[in-house]
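Colleague: sequence and computational prediction follow.
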Amino acid sequence: MKIVYLTANYLLQERKTGVQLYYENSIKAMMKNGADIKVMVFPGFRRIKKKLSSLNLKPFKDILLVRPFFRQLWLEKINIPFFFKKNTYYVFDGFLPKSKKIKKVIVVHDLMSVIYKENYSGRNYDWLNVIVPNNVDNIEKILVDSISTKKDLIHYLHIPEEKISLAYPGCDLDLYTPPYNRIVNKERYLLFMGEMRVNKNVLNMVKGFELYLKQNSNSPMIFKIVSSSGSEYEKVVSYINESSYKEHFEILDYVSEQEKVELLQKAHALLFATTYEGFGLPVIEAMAAETPVITSNTSSLKEIAEGAALLVSPDNIQEIADAITKLDDDSICSDLLQKGSERCKKFTWDNCAKSIIQALGL
């Protein structure tokens, strides 16, 4: 059985977030595990082809003589069973072809567009609110990043449980392990990484950190926020600029993968008290970097971090402040480092690939 990923657009993006890293790393890992994988490439996508070549992937041949602008409309609206082959799974994310005669697999990373409907429109809204529910009978399998997302699919969209399979995303543990001859010295800063969307709850983390500073007036701690976009960006930046503690904040633009690793390794702690996640990759990355984690007791975050991180209510700034204070205790930090180092070993791209292969019966 072959697998064709119609997700090449994610592989093209230079500024990678969780979804882009998911496809790049899970596809590589599946190929290492013997899966026969191709990636859909449309005519004119030279940059994608070049990128796929650098990933050592075998691109899908040019078959559709369709301008890239019309590719999704053409696949969705026209019944084209002759294009697809038997004994092949086709993986989609964000659109579905009209044909009912093919083995369709979709990937659902979270239900943001369902839970926060007011912040979505157009195709981003339609994908999970309209397209998936209306086509569930013609979907072979739905791959999800967490048990939390699986429960959300069942609760909000009434998807049959047997349609859903779990494949936790992974983390490249070797990337976060410092060379044997280099000691990483921790610095006094908290770190957050991610877009400033409403679910990221950055303003409450900022307020929780302010409260910590009020209660620990001699603390030199800094809060580094790695973000350059999101619906809440202007609000958060404006609040920080008006803060009495603005010298304790540092907002960084997008950073490279290597810069991200170094920031995580040197951080005193990752502060990731978001209100909702489909998985929460920064939590696992911080654990791999041997950095303590403060995260939320909600959604998938509790699922992946409980027992190996400090969990807080994301709406309670006092709990956030108290958790930061706890990490001034070296013994608590040491305990979290040990537990986190063990926890992150569960989440590897090899395990992710094996879960997908098993789910599809390959």
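Modeller: Yes, it's here.

Colleague: can you get me a residue count around the closest residue to Leu327 other than its chain neighbours?
Modeller: Spatial nearest neighbour of Leu327, chain neighbours left out: Ala269 (5.1 Å); criterion: CB to CB, 6 or more residues apart in numbering. (Each C-beta comes from the backbone N, C-alpha and C, glycine too.) Residues contacting Ala269 under the criterion other CB atoms under 10 Å number 23.

Colleague: cool, Lys101 as well?
Modeller: Neighbour count for Lys101, taken as other CB under 10 Å: 12.

Colleague: surely it forms part of a strand?
Modeller: No. Assessed with DSSP: H, G, I helix; E, B strand; the rest coil, Lys101 is coil; it does not lie in a strand.

Colleague: I figured Gln20 hits Tyr10, correct?
Modeller: Yes. A contact is recorded between Gln20 and Tyr10 when judged using CB atoms under 8 Å, the distance being 5.0 Å.

Colleague: more neighbours, those two?
Modeller: In this comparison of Gln20 against Tyr10, neighbours counted by other CB under 10 Å, the higher total goes to Tyr10 at 20 against 17.

Colleague: helix or strand for the more buried one, which one?
Modeller: The secondary structure element spanning Tyr10 is helix 8-12 (assigned by DSSP states H and E).

Colleague: which is the next helix or strand following that helix?
Modeller: Using DSSP H and E, the helix or strand that directly follows helix 8-12 along the chain is helix 18-32.

Colleague: just the C-alphas of that next one, formatted as CSV.
Modeller: Extracted C-alpha coordinates of helix 18-32, given in CSV (Å, rounded to 0.1, in the frame of the first residue of the first chain):
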residue,chain,number,x,y,z
GLY,A,18,4.2,22.8,14.6
VAL,A,19,2.2,21.7,11.6
GLN,A,20,5.1,22.2,9.1
LEU,A,21,7.5,20.3,11.4
TYR,A,22,4.9,17.5,11.7
TYR,A,23,4.8,16.8,8.0
GLU,A,24,8.5,17.2,7.4
ASN,A,25,9.6,14.9,10.2
SER,A,26,6.8,12.3,10.1
ILE,A,27,7.2,11.8,6.4
LYS,A,28,11.0,11.3,6.8
ALA,A,29,10.4,8.9,9.7
MET,A,30,7.8,6.9,7.8
MET,A,31,10.2,6.4,4.9
LYS,A,32,12.8,5.2,7.3
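
Colleague: could you list every helix and strand in contact with it?
Modeller: In terms of contacts (3 or more CB pairs under 8 Å, 6 or more residues apart in numbering; DSSP states H and E), helix 18-32 is packed against strand 2-5, helix 8-12, strand 36-39, helix 349-359.

Colleague: in JSON lines, list these along with distance to Val202 and mean pLDDT.
Modeller: Putting the helices and strands packed on helix 18-32 into JSON lines (distance: least, CB to CB, whole Å; pLDDT from 0 to 100) gives the following:
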{"stretch": "strand 2-5", "distance to Val202": "32", "mean pLDDT": "81"}
{"stretch": "helix 8-12", "distance to Val202": "24", "mean pLDDT": "69"}
{"stretch": "strand 36-39", "distance to Val202": "34", "mean pLDDT": "80"}
{"stretch": "helix 349-359", "distance to Val202": "28", "mean pLDDT": "95"}
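
Colleague: among the ones you listed, which is the most enclosed?
Modeller: Each of the helices and strands packed on helix 18-32 was scored by mean neighbour count; the highest is strand 2-5, a mean of 20, by mean count of other CB atoms under 10 Å.

Colleague: output that strand as PDB - backbone C-alpha positions only.
Modeller: What follows is strand 2-5, C-alpha atoms only, in PDB (Å, rounded to 0.1, in the frame of the first residue of the first chain):
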ATOM      1  CA  LYS A   2       1.300   3.400  -1.000                       C
ATOM      2  CA  ILE A   3       0.700   6.700   0.700                       C
ATOM      3  CA  VAL A   4       0.500  10.000  -1.200                       C
ATOM      4  CA  TYR A   5       0.600  13.200   0.800                       C
END
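
Colleague: show me what contacts Lys200?
Modeller: Taking CB atoms under 8 Å, 6 or more residues apart in numbering, we find Lys200 in contact with Gly194, Gly230, Glu232, Thr274, Thr275.

Colleague: quick check, the fourth one in contact with Asn199.
Modeller: Looking back up the chat, that one is Thr274. Yes. Counting by CB under 8 Å, Thr274 does reach Asn199; the two are 5.8 Å apart.

Colleague: of the two, who's got more company?
Modeller: Counting neighbours by other CB under 10 Å for Thr274 and for Asn199 shows that Thr274 has the greater number, 25 against 22.

Colleague: ok, that one to Asn33 distance?
Modeller: With distances defined as CB to CB, to the nearest Å, the gap from Thr274 to Asn33 amounts to 32 Å.

Colleague: put together TSV for the helices and strands packed on helix 18-32, with distance to Val144 on each row.
Modeller: Putting the helices and strands packed on helix 18-32 into TSV (distance: least, CB to CB, whole Å) gives the following:
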stretch	distance to Val144
strand 2-5	17
helix 8-12	17
strand 36-39	20
helix 349-359	10
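
Colleague: circling back to that earlier point, of the contacts of Lys200, which is the nearest to Tyr125?
Modeller: Distances from Tyr125 to these, taken as CB to CB, are shortest for Gly230 (17.5 Å).

Colleague: many thanks, I have nothing further to ask.
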